[in-house]
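Asker: This is a predicted model, with the sequence first.
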Amino acid sequence: MTKQPQRSIFAGDGVAAPLRHVTFRRIWLASLLSNLGLLIQAVGAAWAMTQMTPSADKVALVQTALMLPVMLISMPAGAIADMYDRRIVSIVSLSIALSGATALTVLAWFGLVTPTTLLAFCFVVGSGMALFGPAWQSSVSEQVPTETLPSAVALNGISYNIARSFGPAIGGIVVATAGAVAAFAANAALYLPLLVVLFLWRRESAPSRLPRERLNRAIVSGVRYIANSPPIKIVLARTMITGLIGGSVSALMPLVTRDLLHGGAQTYGIMLGAFGMGAVIGALNIGEVRKRMSGEAAIRACAISMGASIAAVALSDQRVLTAAALVVAGAAWMLAVALFNIGVQLSAPRWVAGRSLAAFQASISGGIAIGSWGWGRLTDAAGVEAALLVSATLMLLSPLLGHWLHMPRVGARNEDAEVLADPEVQLLLTARSGPLVVEIEYRVAQDNARGFHNVMQEVQLSRQRNGAYGWSIARDIADPELWTERYHCPTWLDYLRQRNRSTQSERALHQSAIDFHLGPDPVRVRRMLERPFGSVRWKEETPDRAAREVLPVASAAAGSST
């Protein structure tokens, strides 16, 4: 019998394949240390809070303080990641987190930490990491080829969860032997390797031929893209709900340790380590799960597994049983989060990748932050066991959401299309000229009217998510074969951006609409300035402002487009 060759994990589709690329490998290893430090600090902060106050509400607020900034500033952070050099953004954000961790260490050393101070500096550290997240995650596609991107996403999850497997246990030992101040100092020190690696990274990026968007406009562009992308909206909704329900495990773990297991800081670290070990197991199997199950089936299996595990944690008073349940919960949690993350990464084009990932971070972190506060309040009112049982019940019921919010099918990354040449114009325009109105006339056989109209509904979403507004489709009542698509762009510069944001699949969609067109002549496109007074010189001697503001023109055309 012929022996089948064993596939290496470093093969093209192996989970470790991205580690063959030097830049990714260095950043991944350094981020592993950074994650280790963050988990050590989290243990120190949570345990320090249990020593300062008996309030379950405030203990749970430690998790909220670390995660809430991600929900609050992730969209501006995503816009900044898309607008500026992601390497520089990462360095600046890590410096903010390092400053917060260092200040907390100094205050703890002098015994000046109060519950309010602890929460405030956890918020600062969380803010730095919230700014770091979109830049780091969206830069992964620049470090590895497209075919290894899902494995790279899984590896980043593994990095955090390897740290989660050992960091809490180490943190428990550090806190038990040297106090919370040592945990805070360890976090500050372990940021340094990642800062050095990012400083040494020579990132290559092609400069945009168009001026950079302003921050407020970039945020609006990101929100508009997500609002007009049904698959991303579904993934984000499912992500937030999972965070709301499943965040009970992390938020209440100190109280599970103290009240249900009657353990100390070391037991707390071991329990979190069990959850992290399960997460590593889940991340290592993400490729196999994607091959064998659809996205919806995998998410349902994760929810059921996690619900049963949370119930076991609630009812157990044995440390071994609780740890075993947490391993299963960690694997299910990691698989679900990784599947959500991959769905967003592969659905968003590069121009909005940072903002899409920021929305994902806001969904998961916002769910955890809000849920942590709610689970803390419920625990104060009904106890740890009751709160966990409620969480388990909701998690077991969450697969029913699939009937209304079915997980979309995720394929290969939606790659950007080639740059289009700017349309020829006879009127001198400035970047701010506008609004611009675009009208496209199609001649469609009456027998194809329904099919054409259905395609145009998809075209509407495509136009709107890339920057158009006021879209409409009209049919001539005197000539039923004549259809007119109409949409607006705020300015001439916005129109140039909108034309070149289309991905390959969107260009194919636009072409499918054009394919309905009858006759030898191409579709007719009109581009009109809606407020032309800005292009008119009121007096003969008035300087022509447009003549001084010339936008760059693409050097080559990739075909015609609207």
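Answerer: Structure's in. What do you need?
Asker: so what's the backbone phi/psi at the most centrally placed residue in the chain?
Answerer: Nearest to the mean C-alpha position of the chain, counting by C-alpha atoms, centre = their mean, stands L357 at 2.0 Å. Main-chain torsions, L357, degrees, to the nearest 10: phi -70, psi -30.
Asker: start the count at 42, not 1, going forward
Answerer: Happy to do that; since the first residue is 42 now, the last one works out to L398.
Asker: these two touch, right, it and V385?
Answerer: Yes - contact criterion C-beta atoms under 8 Å: L398 and V385 qualify, at 6.2 Å. The C-beta positions use only the backbone N, C-alpha and C, and glycine is treated the same way.
Asker: quick one: what helix or strand has L435 in it?
Answerer: helix 425-438 (DSSP states H and E).
Asker: Give me the distance from that helix to the chain's centre.
Answerer: 27 Å (C-alpha atoms, centre = their mean, to the nearest Å).
Asker: same deal with stretch 134-144?
Answerer: Offset of stretch 134-144 from its chain centre (C-alpha atoms, centre = their mean): 22 Å.
Asker: Next one: the residue nearest to the centre of the chain from A365, what distance?
Answerer: 33 Å (C-beta to C-beta, to the nearest Å).
Asker: So which residues of the stretch 242-391 of the chain form helices?
Answerer: For the stretch 242-391 of the chain, the helices defined by DSSP state H, counting those that start in this stretch occupy 256-268, 271-287, 289-296, 306-325, 327-333, 336-356, 360-388.
Asker: Contacts for stretch 302-314, please.
Answerer: 80, 84, 87-88, 205-214, 216-217, 294-295, 297-299, 358, 360, 363-364, 367 (C-beta atoms under 8 Å, 6 or more residues apart in numbering).
Asker: Could you turn the buried ones of these into a PyMOL selection?
Answerer: Of the contacts of stretch 302-314, the buried ones can be selected in PyMOL as follows, counting by 16 or more other C-beta atoms under 10 Å:
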select buried, resi 80+84+87+88+205+206+207+208+209+210+211+212+213+214+216+294+295+297+298+299+360+363+364+367
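Asker: May I have the residues that are in contact with the residue nearest to the centre of the chain?
Answerer: Applying C-beta under 8 Å, 6+ apart, the residues near L398 are 119, 174-175, 178-179, 382, 385-386, 389.
Asker: Could you rank those residues by neighbour count and give me the top one?
Answerer: Counting neighbours by other C-beta atoms under 10 Å, P175 leads the contacts of L398 with 34 neighbours.
Asker: Quick one: residues contacting that one.
Answerer: Shown in contact with P175 (C-beta under 8 Å, 6+ apart): 115, 118-119, 121-122, 395-396, 398-399, 402.
Asker: just checking, what packs against the worst-scoring helix or strand of the chain on mean pLDDT?
Answerer: Lowest on mean pLDDT, DSSP states H and E among the helices and strands of the chain sits helix 190-219, with a mean of 74. If you count contacts as 3 or more C-beta pairs under 8 Å, 6 or more residues apart in numbering; DSSP states H and E, helix 190-219 packs onto helix 63-93, helix 181-184, helix 221-231, helix 306-325, helix 327-333, helix 360-388.
Asker: swap the cut-off to 7 Å and go again
Answerer: Judged by 3 or more C-beta pairs under 7 Å, 6 or more residues apart in numbering; DSSP states H and E, helix 190-219 is in contact with helix 63-93, helix 181-184, helix 221-231, helix 306-325, helix 360-388.
Asker: Quick one, which of those helices gets closest to V566.
Answerer: helix 360-388 (28.7 Å; C-beta to C-beta).
Asker: any idea of the mean pLDDT in the closest one?
Answerer: When pLDDT is averaged along helix 360-388, the result is 89.
Asker: Which positions in it come out as buried?
Answerer: 360, 363-388.
Asker: How far does stretch 385-397 sit from its chain's centre?
Answerer: 8 Å.
Asker: Stretch 560-577 now?
Answerer: Centre-to-centre, stretch 560-577 and its host chain are 38 Å apart (C-alpha atoms, centre = their mean).
Asker: Name the residues that touch that stretch?
Answerer: For stretch 560-577, contacts defined as C-beta atoms under 7 Å, 6 or more residues apart in numbering pick out 464, 468, 474, 476-484, 555, 558, 587, 603.
Asker: Mark which of the residues you listed are part of helices, please.
Answerer: I555 (DSSP state H).
Asker: Mind giving me the PyMOL select for the contacts of stretch 560-577, buried ones only?
Answerer: Entered in PyMOL, the line below selects the buried ones among the contacts of stretch 560-577, by 16+ other C-beta under 10 Å:
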select buried, resi 464+474+476+477+478+479+480+481+482+483+484+555+558+587+603
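Asker: Taking the contacts of stretch 560-577 together, which two end up most distant?
Answerer: R484 and A587 (34.4 Å).
Asker: Enumerate every residue touching the nearest residue to D300 once chain neighbours are set aside.
Answerer: Excluding the flanking residues, the one nearest D300 by C-beta to C-beta, 6 or more residues apart in numbering is V425, at 5.2 Å. The contact partners of V425, taken as C-beta under 7 Å, 6+ apart, are 293, 296-297, 300-301.
Asker: out of these, which are buried?
Answerer: For the contacts of V425, a neighbour count by 16+ other C-beta under 10 Å gives the buried set as 293, 296-297, 300-301.
Asker: still on that earlier bit, list just the nearest of the contacts of V425 to M497.
Answerer: L293 (50.4 Å).
Asker: Could you report the distance from that closest one to A230?
Answerer: Taking C-beta to C-beta, one finds L293 at 29 Å from A230.
Asker: Hmm, G85 is touching A221, no?
Answerer: Yes - G85 is within contact range of A221, at 4.1 Å (criterion: C-beta atoms under 7 Å).
Asker: So between the two, which is more surrounded?
Answerer: When G85 and A221 are compared for neighbours, G85 comes out ahead with 30 against 26, by other C-beta under 10 Å.
Asker: What distance do you get for that one to F164?
Answerer: 16 Å.
Asker: go on, H529?
Answerer: For H529 relative to F164 (C-beta to C-beta), the value is 41 Å.
Asker: same question, R516
Answerer: 55 Å.
Asker: on that earlier part again, could the contacts of L398 go into CSV alongside distance to V103?
Answerer: Formatted as CSV, these follow (distance: C-beta to C-beta, whole Å):
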residue, distance to V103
G119, 25
G174, 19
P175, 24
Q178, 24
S179, 28
N382, 24
V385, 27
Q386, 29
A389, 32
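Asker: quick one, helices of the stretch 442-591 of the chain?
Answerer: If DSSP H, counting those that start in this stretch is used as the criterion, the helices of the stretch 442-591 of the chain fall at 490-506, 533-541, 545-555.
Asker: and the shortest one with helix 490-506, angle?
Answerer: Meaning helix 533-541. 120 degrees (axes from the mean of the first three to the mean of the last three C-alpha atoms, to 10 degrees).
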